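Novice: A predicted structure for the sequence below; I have some questions about it.
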Amino acid sequence: MTAHTVELTVNGRAYRSEVEPRLLLSDFLRHELGLTGTHVGCEHGVCGACTVLLDGEPVRSCLLLAVQAAGHAVETVEGLASSAHQLHPLQQAFWEAHGLQCGFCTPGFLMTLVPFLAEHPEPSEDEIRHAISGNLCRCTGYQHIVDAVLLAARRLGAKP
Amino acid sequence: MKPAAFEYVAPEEVGAALEVLARRGEEAKVLAGGQSLVPMLNFRLARPALLVDLNRLGELDFVRRGEDGGLLIGAMTRQRRLEREPLVAELAPLLGEAVPAIAHPQIRNRGTLGGSLAHADPAAELPAVAVALQARLRLRRTGGDRWVGAADFFTGLFTTALAPDEILVEMEIPPPPPRSGWCFLEAARRPGDFAQVGVAAMVALDAEERCAEARLVYLAVAQAPFAAPAAARLLLGERLEAPRIAAAAAAARDEMAPRDDIHATADFKRHLARVLTERALARAAARAQGGRAA
């Protein structure tokens, strides 16, 4: 099987790799680059756990081939926190509002919600529930996730 | 590795993609947004020898006004763009209203107009909307194009008029009739789930406020988009008032023969079809009359 060369950036860092065309972006991130923060749940586009940003827009990384990401910018949950000691405001709000229990779905929620909050700085509860309708969580019942997003939106809006 | 092995090409021009399909169309699959095909690859329900990826064909990503005042949309235009595009809201508001009902934002960021049409899932929104809009689809092969009306394009379950060496390149939507109103509604267990039933409705009024044209097209009730001609005929020449709308909604329910699926029983689908039709016609009529949407 012919290998294809993939050059892309992930969280701002440039990578170059030889991959089989059938390798999914989700598996490429985890197995080739060691970025295991992107979680793999259903692997057919239903659960949202593998959501990453492709050129700033959230997409399912299990429904993209790694070769298709060539020339594009990918962002994963590893790129959210500004340092090892400083969580992204949305991560901090998830922590404080108990927006996660087991945490398996959390990277997908975060990567769905970061661009959502940029587009909707003052979201209603209904808008939040629509925004996360493509992400499954089996622990929280979603209420604490909604609370966390409202908390993050208040804090992000309070900044100058 | 989830998918079985395949060869992969990502041409930069439509002509190059067509040349590959002319030689190897029978063993190839065309990859558009991948939101249906990649799950099938992951499950190995689809095992093509060759994948022809259209995602580098920038020439098929466009939304523009046609010379007749209609709307032209390239097949590789992402659904998310249709949702945000002012020209869609202006020239094909029925399409604009239906797009947010397609799955989730993450899916619409990748999913394309042409991919959804060519996949021809009977529960998908865009095929029913294309039929309701009386859109035409441009199919291209090496050596020429042909236009196919949307109603003739969908030939059955996941089956279309596309030949193995053809690519769907463009959809043309005619200008909306004067004094027309539209409505798209669907019922699903949760937002973004596959529809239990959906309806794309369009009505046009004459100078005496009577119905001059009516279109009702359903998704998820048959193997392809289902038009309800008997229900539409009941509206022609009539004022679109509540009793007449209720009669048409009942007629639509009675002329369809859905089957049970995992989302709803056949009886429930017929019930939903009647209720959604009544609401959709009332809203479409209000919009045609120029009033605020009900």
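Specialist: Alright, I've got the coordinates.
Novice: biggest helix in the chain, by residue count?
Specialist: No chain was given, so I picked chain A. helix A:143-158 (DSSP state H).
Novice: that's the other chain; I wanted chain B
Specialist: helix B:266-288.
Novice: show me the contacts for the most centrally placed residue in chain A.
Specialist: The centroid of chain A falls nearest to A:M111 when counting by C-alpha atoms, centre = their mean (2.7 Å). A:M111 makes contacts with A:T51, A:V52, A:L53, A:P58, A:E75, A:T76, A:V77, as judged by C-beta atoms under 8 Å, 6 or more residues apart in numbering or on different chains. Where C-beta positions appear, they are placed from N, C-alpha and C, glycine not excepted.
Novice: and chain B, which of those residues contact it?
Specialist: A:T51, A:P58 (C-beta under 8 Å from any C-beta of the partner chain).
Novice: could I get the contacts of A:M111 as JSON lines with secondary structure and neighbour count?
Specialist: Listed next are those as JSON lines, based on DSSP: H, G, I helix; E, B strand; the rest coil; neighbours: other C-beta atoms under 10 Å in any protein chain shown:
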{"residue": "A:T51", "secondary structure": "strand", "neighbour count": "29"}
{"residue": "A:V52", "secondary structure": "strand", "neighbour count": "30"}
{"residue": "A:L53", "secondary structure": "strand", "neighbour count": "22"}
{"residue": "A:P58", "secondary structure": "strand", "neighbour count": "28"}
{"residue": "A:E75", "secondary structure": "strand", "neighbour count": "20"}
{"residue": "A:T76", "secondary structure": "coil", "neighbour count": "23"}
{"residue": "A:V77", "secondary structure": "helix", "neighbour count": "24"}
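Novice: list just the nearest of the contacts of A:M111 to A:Y15.
Specialist: A:T76 (12.0 Å; C-beta to C-beta).
Novice: quick check: that closest one touching A:N11?
Specialist: Yes: counting by C-beta atoms under 8 Å, A:T76 touches A:N11, with 6.2 Å between them.
Novice: now do the shared contacts for those two.
Specialist: Common contact partners of A:T76 and A:N11 (C-beta under 8 Å, 6+ apart): none.
Novice: and the residue nearest to the centre of chain A, what element?
Specialist: helix A:106-119 (DSSP states H and E).
Novice: immediately after that helix, which helix or strand?
Specialist: Downstream of helix A:106-119, the next assigned helix or strand under DSSP H and E is helix A:125-131.
Novice: check whether that following helix contacts chain B.
Specialist: Yes: using C-beta under 8 Å from any C-beta, helix A:125-131 reaches chain B at A:H130, A:A131.
Novice: one step back: would you mind measuring from the residue nearest to the centre of chain A to A:G37?
Specialist: Distance, A:M111 to A:G37, using C-beta to C-beta, to the nearest Å: 9 Å.
Novice: sec struct for the closest residue in space to B:H271 that isn't next to it in sequence, please.
Specialist: Nearest residue to B:H271, sequence neighbours excluded (C-beta to C-beta, 6 or more residues apart in numbering or on different chains): B:R253, at 7.3 Å. Under DSSP: H, G, I helix; E, B strand; the rest coil, the three-state class of B:R253 is helix.
Novice: right, and B:R253 touches B:F268 too?
Specialist: No: contact criterion C-beta under 8 Å: B:R253 and B:F268 do not qualify, at 11.3 Å.
Novice: which parts of chain B are helices?
Specialist: Under DSSP H, chain B gives helices at B:14-24, B:37-42, B:79-84, B:86-91, B:93-98, B:105-108, B:113-119, B:125-132, B:150-153, B:229-235, B:242-255, B:266-288.
Novice: winner for burial among those helices?
Specialist: Of the helices of chain B, the one with the most neighbours on average (mean count of other C-beta atoms under 10 Å in any protein chain shown) is helix B:125-132, at a mean of 27.
Novice: in chain A, what residue comes closest to chain B?
Specialist: Among the residues of chain A, A:G134 lies nearest to chain B; the distance is 2.7 Å by C-beta to the nearest C-beta.
Novice: pLDDT wise, what is the residue nearest to that residue when sequence neighbours are not counted at?
Specialist: Counting by C-beta to C-beta, 6+ apart, the nearest residue to A:G134 once its immediate chain neighbours are dropped is B:H104, at 2.7 Å. If you check B:H104, the pLDDT there is 94.
Novice: neighbours of B:H104, just the number please.
Specialist: 25 (other C-beta atoms under 10 Å in any protein chain shown).
Novice: which residues does it contact?
Specialist: Residues near B:H104 by C-beta under 8 Å, 6+ apart: A:G48, A:S133, A:G134, B:G192.
Novice: residue contacts, the nearest residue to B:T155 once chain neighbours are set aside?
Specialist: Nearest non-adjacent residue to B:T155, counting by C-beta to C-beta, 6+ apart: B:A161, 6.0 Å away. B:A161 makes contacts with B:L139, B:V148, B:D152, B:F153, B:T155, as judged by C-beta under 8 Å, 6+ apart.
Novice: how much space between the last one and chain A?
Specialist: Counting by C-beta to the nearest C-beta, to the nearest Å, the separation of B:T155 from chain A is 26 Å.
Novice: my read: that residue touches B:A224, true?
Specialist: Yes: taking C-beta under 8 Å as the definition, B:T155 is a contact partner of B:A224 at 6.9 Å.
Novice: who has more neighbours, those two?
Specialist: Per other C-beta under 10 Å, whichever of B:T155 and B:A224 has more neighbours is B:A224, with 21 against 13.
Novice: what parts of the stretch 101-250 of chain B come near chain A?
Specialist: Within the stretch 101-250 of chain B, the positions near chain A by C-beta under 8 Å from any C-beta are B:A103, B:H104, B:P105, B:Q106, B:I107, B:N109, B:R110, B:R190, B:P191, B:G192.
Novice: 6 Å instead?
Specialist: B:H104, B:Q106, B:N109, B:R110, B:P191, B:G192 (C-beta under 6 Å from any C-beta of the partner chain).
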